[in-house]
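1. any chance you can model this:
(chains A, B and C)
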Amino acid sequence: MNSIIIKNLTKKFGQITAINNLSLNIEEGKITGLIGADASGKTTLIRLIIGLLEPDNGEISILNLNPSKQKSEITKKIGYMPQKFGLYEDLTVIENLKLYADLRKQPYQFEKMLEFTRLYEFQDRLAGALSGGMKQKLGLACTLLGNPEILLLDEPSVGVDPVSRIDLMKMVKELITPKTTVLWSTAYLDEAHSFDKAVILDKGQVIFNGKPTDLAETTDKFEKKVIELMGGYKKEISKIAENYQTIEQNIEYSVVADNLEKKYGNFYAVKNNTFCIKKGEIFGLLGPNGAGKSTSFKMMCGLTKPTSGSAKIMGIDIKENPIKARSNLGYMAQKFSLYGSLTVEQNLKFFASVYGIGILNRKERINEILDIFDLREIANQKSESLPLGYKQRLSMACALIHNPPVLFLDEPTSGVDIIARHQFWNHITSLAKKGVTILVTTHFMDEAEFCDRISLFYKGEAITIGTPKELKEKANAETMQEAFIKLVQEDDE
Amino acid sequence: MKILLALIKKEFKQIIRDPSSIIIAFVLPFISIMIYMYGINLDSVKVNIGIKNDDANPEVTTLVESFGKNKYINSIPYNNEKDITQAITRSKIKGAVIIPNDFSKKLSKGESSEILVITDGSEVNTANYIQNYASSITNGWLMTSKYKYLVTPPIINTELRAWYNQDLNSHNFILPGSIAITMTLIGILLTALVVAREWERGTMESLLSTQVRRIDIVLGKYIPYFCLGLTSMIFNVSMCIGVFKIPFRGNYFVFFLVSSLFLFTLLGIGLLISSKLKNQFLASQVSLGIGFLPALLLSGLIFPISSMPLFFQYLTGILPPKYFIIFVESEYMAGTIFEIVVINSIFLTILGAILFILVYKSTNMRLEK
Amino acid sequence: MIIDSLRRIIALIRKELITTWKDPKSRSIIIGLPLLQLIIFANAITMEVKNIDVTVVDRDKSVESRELLSHFENSPHFRKIYYADNENEFRNKIDTQKAKIGIYINNDFSRAIKSQKQTQVLVVLDGRQTNSAAIAGGYASEIINSYGSQMSKKQGAKINTVVRNWYNPNLEYRWFIMTVIIVMLSVVITMLLTALSIAREREMGTFDQLIVSPLSSFEIMVGKVIPPLIIAMFLTCLMTLIIIFGFKVPFAGSISLFLISIFISLFSIVGVGLFISSICKTQQQAILGVITFQMPAILLSGFISPIEDMPIGWQYLTMINPVRYFMTLSRGIFLKGMGTEDVMSNIIPLIIIAVVTLSIASWTFKRKLD
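-> Numbering: from 1, shown residues only, chains lettered A, B, ... in the order given. Next up is the predicted model:
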């Protein structure tokens, strides 16, 4: 039995074809993973299925209903969680639940939900004050209300830590009925590997549809196969690193955090955080959502004033001489924060001049960057209209445009596809070899393996610092994922 | 129905949590009413004028004195015209009165005599006031001077009588009228951002995937802000009546009904802006652009609509405050007049209904391309 | 160092101009909306009272009373005359605002004129529209009085006032109002351009990106001050040209003084806008700030009723109102050809306002960063 049947579906946005003559059946009672590169059409497909967009051509039938004509019938039977899940940030947790229960005509039975999401004690907190992981869990809870027959989840695990990711998975698996159909779009291939079915999209077409285990037995191999199907990734010499002009540095530690502390009232967001990063080192800040990583990060680049302690970049105190300290810094924010109404090229030009690249070199440098980051084709597009992965790439390009000796990357790969992530980390490691010092936060544990050293953050404090190997040994774990979960749980006890 | 109630409840909670709605609804009208009460005065203008007397006759000095004694005029003596010119250019004085040397001679012969009044035409209103003051002061003086026996009394006297507002106290009409202006701003501002905000924050996409119907979304916005707007209106009116003692001769129930209609049209404008633009930045720019100056200048409160060229008179027809001002002034000063209530209510209803339909139509149930 | 700093500022300015200018929606709001309003307001607004409809009860029905009424018919101020048969109808016409004024002629009207005795004409005004009623009443008594003196056989001593209106001989209301509108519209647009700009970047997250770059807070401030100044200057000049050439309002003063004055006026408005922007976290708060400043500033700038007429405390309050000086300068230079000395006395307070607001803005702004 198929609950969703799609025939010859096409959807264009202006010149761009998002979905190209796509046919697909999705089986009832199965969890289907939707995988694909950035801009491969995942979000558009989901939006078409529930009738938020209308197709140009082709047919969709969802539970034998037509979404372009019977949208109101469909909404009764489905649960949809958009990428930017629409929680009302000025309502509390319980108020959000009640609202969505009313909107789905469901009774107020949240006991089980609250337990699963571990939001019980936070039910009177404003949704806006929750950490990223909790927000996603609450969003999922709101979507799951009323046991929908079909569940459509658009990258629910973006920016979520491994522990919360497991929670999300558990919530879905345990709260649905055996007949519920789930379409789950994800960038985590380990997640996709564990599903019943996997659909891989590329350029608006289905390039694989079947059991993930048919493709490969283990997660690692599955990842390789997927990459192959998506066009393959060949490790090349990083052009960014190649063109990088290293600056002579005589300092041993390029980045130093000395007893950084941030207090809000009586609550310590970050407590005696101390670390030193050597030149050319990749230093990872890991930890569950809301552990204080972002606050530490913000203090390091001078966006938040620490209650006590100090941060130095290339030996310059960020508090005492912020302008000089920052000129050594390339910064990539968690949320896309470039100028949406400017084109890709205009953004690059702007940051090039702000970071003091002279007019003579500027054009050359921008051309170089456009090539290296593969942005040439979209150079004249407004950056707000780009898909997430391209936005991320552009942010990285802007952060690197002035050849900074120190790079701060705050979850640089959230929502980026696997190939782009590989390319990205290839650049990072190559840059580090050239002497660039990198401070990075991430929720991808495979990425954590690339770090030279890791500080595992939990409840405002670094619970352990060491190389990935040391951490794994300490936790007696095989993978970083396992180590992360174990170390966090140990600390809890 | 349950869905609508849930949306309304949600909106109320958001209103309560967000101080800015409360500020818009209550602080803004307070500021505005203070300004209209104390800062704006249309009836008695006190101006500085220069006076130069070329007539040495002692009787004429009493005329100069009466210019000095008048409560509307503050006169400053000048000896030569050059100083007067300079003083007017520098806005030290807004005009001048010059009494020629043959002034009293002509009067004593029972002939008509002249005084010269100079005004600063760059301020048209003040210039008009000065003309009127000057001629009323001189005529008043004439009837008490020794020349009064030489004056032929006019055969036709005009008796001016102002109905509804005997002493033509401008606050009696400015304050009630200002309610219309302030409410226009408040009504539009309250709603202009609320739909755009849902689009920007992504909550709209979630709403659209639930069983929410279009009418729920529309009413879910109209009803809560209607209640808030009405409270603000009541606050406004009670300030006018209670604190500033502006007489109210109308019927509270009728007033309540027409105010509701007015509010209904205003919320429509705000919601239309918001759901068309889907962007808080643009929505706020547009609502400020159309909510303040056009309402202030074109609604007939200060500048009479009947004096406008015909085309622009019709153009003002799309402004809800126009109808409300006519109603509110009549209601306050003359009491409920059936015809005025009905005609203006009909216009407001038509406008409100058109806006409601437009809001309904522009509420997308799908994401835009 | 200075060149680097300049380069960064130029980059900021270019970015601001592109974001506000390149977007057709925002361009039409910033330029289209004010120009449209300028044209509408210029044509529509007047304090003169025209097209007055009159209702009449003529108890006399004589040659004389008809003659008097024909004067009303021929006056440019009056439009329709509704003849009412009785007091009820008369009252009804005024109640329902079909007529703005009512004229009641007694049955002794013609007899009195013939015998040169005194008589009275009653003019009833609709006090609800207090302002225009008073003006209309003035017109009516003027017509009646002049008819009276025509009919009067004796001429006695009387005083005529000869009026000379400087700068605007026919007291054209449009001349006055246009110099006011230009100020109001530039203030509104300048406030919109500045007050939301920082709050918007805060909400979008781009502000963090700026802070993390080597831009100093001073450079960011300069980069936020100049672009709105450029746009507002352009807009104001465009409106001035339209007023001079499109509406044929004579420009009496010095062009260079005028340009300097509007530049400094706009500069102080930008200062206020940035001050609001620097203390607001969200766009919504910024809009509130704009309204709470703009509404009083425009209403209390002296255009509706003169500042001298306010209670003394309020008069002092207007001394910190930049719109007040802006309006005096615009009107003074445009219509009166104000000289350098007087211009200076209005510019100095504006400069003080600009310096104070901008310093507070950059101070709060810097403090928030630390």
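2. isn't C:Ser277 right up against C:Ile287?
-> No - with contact defined as CB atoms under 8 Å, C:Ser277 does not count as touching C:Ile287 (11.0 Å). To be clear about C-beta, it is placed using only N, CA and C from the backbone, and glycine gets the same treatment.
3. quick one: contacts for the residue in the stretch 151-300 of chain B that chain C sits nearest to?
-> Relative to chain C, the nearest point of the stretch 151-300 of chain B is B:Asn165 (3.0 Å; CB to the nearest CB). By CB atoms under 8 Å, 6 or more residues apart in numbering or on different chains, B:Asn165 lies in contact with B:Asn172, B:Phe173, B:Met333, C:Gly127, C:Arg128, C:Thr130.
4. the nearest residue to the fourth one once chain neighbours are set aside: which element?
-> For C:Gly127, ignoring the flanking residues on the chain, the nearest one in space by CB to CB, 6 or more residues apart in numbering or on different chains is B:Asn165 at 3.0 Å. Per DSSP states H and E, B:Asn165 falls between elements, in no helix or strand.
5. where does the chain have low pLDDT?
-> Because you didn't say which chain, this covers chain A. For chain A, the stretches with pLDDT under 70 are A:85, A:246-249.
6. wrong chain, I was asking about chain B
-> Where chain B drops into low confidence, which here means pLDDT under 70, it does so at B:44, B:368-369.
7. residues from it in reach of chain A?
-> Within reach of chain A by CB under 8 Å from any CB of the partner chain, chain B has these residues: B:2-3, B:5-7, B:9-10, B:13-14, B:17-18, B:198, B:201-213, B:365-367, B:369.
8. of the residues you listed, keep whichever come out buried.
-> Burial by neighbour count, 16 or more other CB atoms under 10 Å in any protein chain shown: within those this picks out B:3, B:6-7, B:9-10, B:13-14, B:17, B:198, B:201, B:203-212, B:367.
9. which members of the residues you listed occur in helices, if any?
-> The members of those that map onto helices under DSSP state H are B:3, B:6-7, B:9-10, B:13-14, B:17, B:198, B:201, B:203-208.
10. okay, among those residues, which ones form the most distant pair?
-> B:Arg17 and B:Leu208 (23.5 Å; CB to CB).
11. quick one: residues contacting residue 315.
-> Picked chain A for this. Here A:Gly315 is in contact with A:Ile251, A:Val256 (CB under 8 Å, 6+ apart).
12. correction: the question concerned chain C.
-> Counting by CB under 8 Å, 6+ apart, C:Gln315 has contacts C:Ile307, C:Glu308.
13. got the buried residues for the host helix or strand of it?
-> Under the criterion of DSSP H and E, C:Gln315 resides in helix C:312-317. Buried residues in helix C:312-317, counted by 16+ other CB under 10 Å: C:Leu317.
14. try stretch C:358-370
-> Along stretch C:358-370, these residues count as buried under the neighbour rule (16+ other CB under 10 Å): C:Leu358, C:Ala361, C:Ser362, C:Phe365.
15. in chain C, which spans are strands?
-> Taking DSSP state E to define them, one finds strands in chain C at C:52-58, C:78-83, C:101-105, C:119-126, C:158-166.
16. could you dump those into CSV with mean pLDDT and mean neighbour count added?
-> As requested, those are exported to CSV (pLDDT from 0 to 100; neighbours: other CB atoms under 10 Å in any protein chain shown):
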stretch, mean pLDDT, mean neighbour count
strand C:52-58, 92, 21
strand C:78-83, 90, 16
strand C:101-105, 91, 24
strand C:119-126, 90, 22
strand C:158-166, 84, 17
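17. out of those, flag the one nearest C:Arg14.
-> strand C:158-166 (46.9 Å).
18. pull up the pairing partners for the closest one, direction included.
-> Strand C:158-166 sits in its sheet next to strand B:112-120 (parallel), going by DSSP bridges.
19. picking that back up, spell out which residues are contacts of both of C:Ser277 and C:Ile287.
-> C:Ala195, C:Leu196.
20. tell me which residues touch the residue nearest the centre of chain B, please.
-> Chain B has B:Leu301 as the residue nearest its centroid, 3.9 Å off, counting by CA atoms, centre = their mean. B:Leu301 is in contact with B:Ile174, B:Gly177, B:Ser178, B:Ala180, B:Ile181, B:Pro321, B:Ile325, counting by CB under 8 Å, 6+ apart.
21. repeat for B:Gln131
-> B:Gln131 neighbours (CB under 8 Å, 6+ apart): B:Val117, B:Thr119, C:Thr161, C:Val163.
22. would you verify that it is located in a strand?
-> No - B:Gln131: not assigned to a strand; according to DSSP: H, G, I helix; E, B strand; the rest coil it is helix.
23. from chain A, how far off is the residue nearest to C:Gly127?
-> Distance, B:Asn165 to chain A, using CB to the nearest CB, to the nearest Å: 47 Å.
24. pick out the most distant pair among the contacts of B:Leu301.
-> Based on CB to CB, the longest span within those runs between B:Ile174 and B:Pro321 and measures 13.8 Å.
25. who's more crowded, the two?
-> Per other CB atoms under 10 Å in any protein chain shown, whichever of B:Ile174 and B:Pro321 has more neighbours is B:Pro321, with 29 against 24.
26. how about the more buried one, what does it touch?
-> B:Ala180, B:Ile181, B:Met183, B:Thr184, B:Phe262, B:Ala295, B:Ser299, B:Leu301.
27. the second one belongs to a helix?
-> Yes - the assignment for B:Ile181, made by three-state DSSP, places it in a helix.
28. stretch B:204-224: end-to-end distance?
-> 18 Å (CA to CA, to the nearest Å).
29. ok now that stretch, how far from the chain's centre?
-> 36 Å (CA atoms, centre = their mean, to the nearest Å).
30. any bit of that stretch sitting next to chain C?
-> No - Stretch B:204-224 is not in contact with chain C by CB under 8 Å from any CB; minimum separation 15.9 Å.
31. in helices only, show me the contacts of B:Leu301.
-> Filtering those for helices - DSSP H - leaves B:Ile174, B:Gly177, B:Ser178, B:Ala180, B:Ile181, B:Pro321, B:Ile325.
32. what is the burial count for the fourth one?
-> Using other CB under 10 Å, B:Ala180 has 27 neighbouring residues.
33. and A:Pro156, what helix or strand is that in?
-> Using DSSP H and E, A:Pro156 falls within no helix or strand.
34. returning to that earlier point: possible to save the contacts of B:Gln131 as CSV with distance to A:Cys276?
-> Output for the contacts of B:Gln131, formatted as CSV (distance: CB to CB, whole Å):
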residue, distance to A:Cys276
B:Val117, 86
B:Thr119, 80
C:Thr161, 90
C:Val163, 86
